[in-house]
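Enquirer: Just to be clear, the model below is a prediction. Sequence and coordinates:
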Amino acid sequence: MDLDEIVVSVLADEQGGYRNLHVGVSAIINPRKVSVYNPYDVRSLVKRLGPRLESKLVASILEFGRVGVGDLRLVRERLDGDAQSVIDDALSGWEHSDEYEIDVVIGSLYFTDGSVGRRNDPRPAWW
């Protein structure tokens, strides 16, 4: 499942100005065993962790200071670990955590100029 795209303005290495760094985050949810727990509730739980995840990833990106194209591999590796730790910490006390494997991955990471903001995907409606 795709989570909201994160956009952070960062000081670019090469140009010396600011650029927007777009981060696409997804969660892969797999059952480990047969469960009576509703898988749609697992999706809802992960979705509710979105703001906590965004906050952690923005803080991690800002710790880099300048970010250039050559840094993207290192940024992605760090964000992968930080994102997974947010999910693991939040789910550690959940009684059904042993029934699901939830992996968070950084699916896209790219720069745009400052005029390009967050993707405006409609959020799913439940009515």
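Expert: Structure's in. What do you need?

Enquirer: residues in contact with the helix or strand of the chain with the lowest mean pLDDT?
Expert: The helix or strand of the chain with the poorest confidence is helix 39-48; it has a mean of 82 (mean pLDDT, DSSP states H and E). Residues outside helix 39-48 that contact it (Cβ atoms under 8 Å, 6 or more residues apart in numbering): 1, 3, 27, 29, 31, 87, 91, 94, 96, 100, 102. C-betas here are computed from N, CA, C, even on glycine.

Enquirer: all helices of the chain, in order?
Expert: 39-48, 50-63, 72-91 (DSSP state H).

Enquirer: ok, of those helices, where does mean pLDDT dip lowest?
Expert: Per-stretch mean pLDDT for the helices of the chain is lowest at helix 39-48 (a mean of 82).

Enquirer: For it, what is the distance to the chain centroid?
Expert: Counting by Cα atoms, centre = their mean, to the nearest Å, helix 39-48 is centred 15 Å from the centre of its parent chain.

Enquirer: who touches the most centrally placed residue in the chain in this structure?
Expert: By Cα atoms, centre = their mean, the chain has its centre lying nearest to residue 25, at 3.5 Å. Residue 25 is in contact with 2, 3, 4, 5, 6, 53, 57, 83, 104, 105, 106, 107, counting by Cβ under 8 Å, 6+ apart.

Enquirer: out of these, which one sits closest to residue 77?
Expert: residue 106 (8.7 Å; Cβ to Cβ).

Enquirer: thinking the closest one is in contact with residue 80, fair?
Expert: Yes. Counting by Cβ atoms under 8 Å, residue 106 touches residue 80, with 5.4 Å between them.

Enquirer: one step back: bridging residues for the residue nearest to the centre of the chain?
Expert: residue 106 (DSSP bridges).

Enquirer: Over to residue 66?
Expert: Here residue 66, judged by DSSP bridges, has bridge partners residue 11.

Enquirer: can you start the count at 21 instead of 1 from here on
Expert: Okay, residue one is now 21; in that scheme the one you just asked about reads as residue 86.
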